[in-house]
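Visitor: Any chance you could fold what I've pasted below:
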Amino acid sequence: MKNLKSFSLLMVCAYFLSSCATDQDDYVQTPLQSSLEKQIIELFGSKESLILPASNDYNTIPNDAKNSITEAKVELGKLLFHETFLGKNPNMDESMNSYSCASCHHAAAGFQSGILQGIGEGGIGFGLHGEGRVKSSSYLESDLDVQPIKSPSILNVAYQEVMLWNGQFGAIGSNAGTEANWTVGTPKENNSLGFEGVETQAIAGLDVHRLLIDEDFIKNSSYKVLFDVAFLNDTEDNRYTKLNAALAVAAYERTVLSNEAPFQIWLNGDDFAMSDDELQGARLFFDKGQCYTCHSGPGLNGMEFHALGMNDLAGDNVLTVVDEATKKGRGGFTGNSEDDYKFKTPQLYNLKDVDFYGHGGSFTSVREVISYKNEAAHENSDVSSNKLSSLFQPLNLTDEEVDLITLFVENSLYDPNLKRYQPNTLPSGNCFPNADSQSSIDMGCN
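Guide: Numbers count the residues shown, from 1 in each chain. Below you'll find the predicted structure:
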């Protein structure tokens, strides 16, 4: 009897061990997995075509030929991007050294601003994820540094040849032939330097957003060593410059990739990274939902411009009057009426960290945007029907299908660890992304 019990116990153990081995060694993709993989291969040639590289894989990340990505540049750029001590050129002294690039593009809001209109100089407060930033009562509209359009994310900008909603920054790609619009004396003049969009925007942004590269500060801080390593081949007379600072910021921005999102993990071979509902949402995204016709490549963005008839910034909370050029989008830059009301296709990662969507922030959820595109009834009366994109057509998605696509976009395209792109501290010791007194209280930063 004792031997029989021992034998039975051994059989039970063997059964469980063999079951575990079967789960791991004989795993077969579900129909959802294989169907999605087949769809992606049919559309793009391979799953790999949608994979974002590792953030330190500098040879694979798209580089500007005139600004190669190096570890030293990235480390310097990460600090400069968040450095509030560079806010040294404000219109009003109360904002001195209190704002940075990250004031409008920070990790807590998916590298967007967290509010309807991003505020650099003249803003106070932060809240939990940037939603608590408001205009200082001391400021008039004319003194503010405020965005006339919703701040786009810097996530995955390595996959954008030109930058901003109207694509006005960048000397290549769709901006070839627009040289007549690179107006001297405006930020667009920086296109003449010949860089791609990420670099050009970084160069122009330092002046536009009243940031100042103070050579004396650099030479008398730990920034000097960082510039020395990052730009070793430049003479010291040309090393501590606005241009080099901007190129370092651009190199850093190119490495800010949402490569830890579940969809990216799935693309890299983990079949358990997404739930069945998320897989169904992805199948709809790449099929009936037609999302892929505009949103493609590793960043799920696009370099084309489309008129979808969305509203511009409006409402009691809007701090500035939106000018006609901004309203016309691409047409406001090119001067070509055929481009009027067209805006660049944004990337789709980490959208649920903010409460406003569309170039004018006229939607308050991802689902609202998907429903809008599903119904294809434009909301902006200034945009005539003949101006709308030919791709803006009813999709006939059911409510359940809209929910599934929303789930895929919100969850599967969400990288939960963007704080890895923030520095722990700054050489100046300042708080970031803002260093005004209310922001410091909100963030618990001294």
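Visitor: And the strands in the stretch 1-150 of the chain?
Guide: For the stretch 1-150 of the chain, applying DSSP state E, counting those that start in this stretch gives strands covering 123-124, 134-135.
Visitor: can you give me the offset of the following helix or strand past the last one from its chain's centre?
Guide: Yep, that's strand 134-135 we're talking about. Moving toward the C-terminus from strand 134-135, the next helix or strand (DSSP states H and E) is helix 197-208. How far helix 197-208 lies from its chain's middle: 16 Å, per C-alpha atoms, centre = their mean, to the nearest Å.
Visitor: which residues touch helix 197-208?
Guide: By C-beta atoms under 8 Å, 6 or more residues apart in numbering, the list of residues contacting helix 197-208 from outside reads 64, 66-67, 86, 101, 145, 157-158, 160-164, 167, 169-171, 173, 175, 187-188, 190-191, 193, 195, 211-213, 242-243, 245-247, 249-250, 253-254. All C-beta atoms are positioned from the backbone trio N, CA, C, and that covers glycine.
Visitor: Which positions within stretch 309-323 qualify as buried?
Guide: By neighbour count with 16 or more other C-beta atoms under 10 Å, stretch 309-323 contains the buried residues 309-313, 318-319.
Visitor: and if you look at stretch 323-331?
Guide: Result for stretch 323-331 [16+ other C-beta under 10 Å]: buried residues 326-331.
Visitor: What's the local residue count around T200?
Guide: Using other C-beta atoms under 10 Å, T200 has 31 other residues around it.
Visitor: Nearest spatial neighbour of it, chain-adjacent residues omitted?
Guide: Excluding its sequence neighbours, the residue lying closest to T200 (C-beta to C-beta, 6 or more residues apart in numbering) is F169, at 4.2 Å.
Visitor: Give the burial count for the one you found, as a bare number.
Guide: Neighbours of F169 (other C-beta under 10 Å): 28.
Visitor: And for M96?
Guide: 15.
Visitor: for the one 10 residues further on, same thing?
Guide: Neighbour count for H106, taken as other C-beta under 10 Å: 30.
Visitor: Now it: closest residue in space, sequence neighbours ignored.
Guide: That would be P433: by C-beta to C-beta, 6+ apart, it lies 4.4 Å from H106.
Visitor: Give the residue spans of the stretch 101-250 of the chain that score low on pLDDT.
Guide: Scanning the stretch 101-250 of the chain for pLDDT under 70 picks out no residues.
Visitor: Which parts of the stretch 1-150 of the chain are helices?
Guide: Assigned by DSSP state H, counting those that start in this stretch, the helices in the stretch 1-150 of the chain fall at 2-25, 31-44, 71-82.
Visitor: For the residue nearest to H106, list the residues it contacts.
Guide: Taking C-beta under 8 Å, 6+ apart, one finds 82, 84, 99-100, 102-103, 106, 126, 130, 439 in contact with P433.
Visitor: Relative to A261, which of the residues you listed is nearest.
Guide: H106 (18.2 Å; C-beta to C-beta).
Visitor: Would you check that that closest one makes contact with G127?
Guide: No - applying C-beta atoms under 8 Å as the test, H106 and G127 come out as separate, 11.4 Å apart.
Visitor: between the two, what contacts are shared?
Guide: G114.
Visitor: The nearest residue to W182 once chain neighbours are set aside: how many residues sit nearby?
Guide: Using C-beta to C-beta, 6+ apart and skipping the chain neighbours, the partner closest in space to W182 is N191 (4.4 Å). The local packing of N191 (other C-beta under 10 Å) involves 25 other residues.
Visitor: Correct me if wrong: N191 contacts G167.
Guide: No - applying C-beta under 8 Å, one finds N191 not in contact with G167, separated by 10.8 Å.
Visitor: And the helices of the stretch 1-150 of the chain, which one averages the lowest pLDDT?
Guide: The stretch with the lowest average pLDDT out of the helices of the stretch 1-150 of the chain is helix 2-25, scoring a mean of 45.
Visitor: Doesn't D270 belong to a strand?
Guide: No - assessed with DSSP: H, G, I helix; E, B strand; the rest coil, D270 is coil; it does not lie in a strand.
Visitor: Any idea how many residues pack against it?
Guide: 11.
Visitor: ok, now which ones touch V74?
Guide: Applying C-beta under 8 Å, 6+ apart, the residues near V74 are 58, 248, 251-252, 255.
Visitor: repeat for I154
Guide: 105, 111, 253, 256.
Visitor: Please dump these into JSON lines; it should also carry distance to Y357 for every row.
Guide: Below are those laid out as JSON lines (distance: C-beta to C-beta, whole Å):
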{"residue": "H105", "distance to Y357": "16"}
{"residue": "F111", "distance to Y357": "15"}
{"residue": "E253", "distance to Y357": "22"}
{"residue": "V256", "distance to Y357": "20"}
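Visitor: Filter these down to the buried ones.
Guide: 105, 111, 253, 256.
Visitor: my read is the third one is in a helix, agree?
Guide: Yep, that's E253 we're talking about. Yes - under three-state DSSP, E253 falls within a helix.
Visitor: hang on, the earlier thing: can you pull the residues that touch both of N191 and G167?
Guide: N175.
Visitor: Would you confirm that G127 contacts D442?
Guide: Yes - if you go by C-beta under 8 Å, G127 and D442 touch, sitting 5.8 Å apart.
Visitor: which one is K419 nearest to, not counting chain neighbours?
Guide: A107 (5.0 Å).
Visitor: Please report the distance of the one you found from Q201.
Guide: 19 Å (C-beta to C-beta, to the nearest Å).
Visitor: Show me which of the two is the more surrounded one.
Guide: Q201 (27 against 22).
Visitor: how much space is there between the more buried one and D228?
Guide: Counting by C-beta to C-beta, the gap from Q201 to D228 is 26 Å.
Visitor: Over to Y139?
Guide: For Y139, the distance to D228 - C-beta to C-beta - is 38 Å.
Visitor: out of the two, which sits in the more crowded spot?
Guide: Y139 (22 against 16).
Visitor: wait, what's in contact with the more buried one?
Guide: Applying C-beta under 8 Å, 6+ apart, the residues contacting Y139 are 92, 122.
Visitor: Tell me how far it lies from E121.
Guide: 8 Å.
Visitor: Next, show the common contact partners of the two.
Guide: In contact with both Y139 and E121: M92, using C-beta under 8 Å, 6+ apart.
Visitor: doesn't P423 make contact with the residue nearest to K419?
Guide: No - A107 lies out of contact with P423 (C-beta under 8 Å); the separation is 10.7 Å.
Visitor: Skip the chain neighbours and tell me the closest residue to N317.
Guide: That would be L116: by C-beta to C-beta, 6+ apart, it lies 5.8 Å from N317.
Visitor: Quick one: neighbours of the one you found, just the number.
Guide: There are 21 residues near L116, going by other C-beta under 10 Å.
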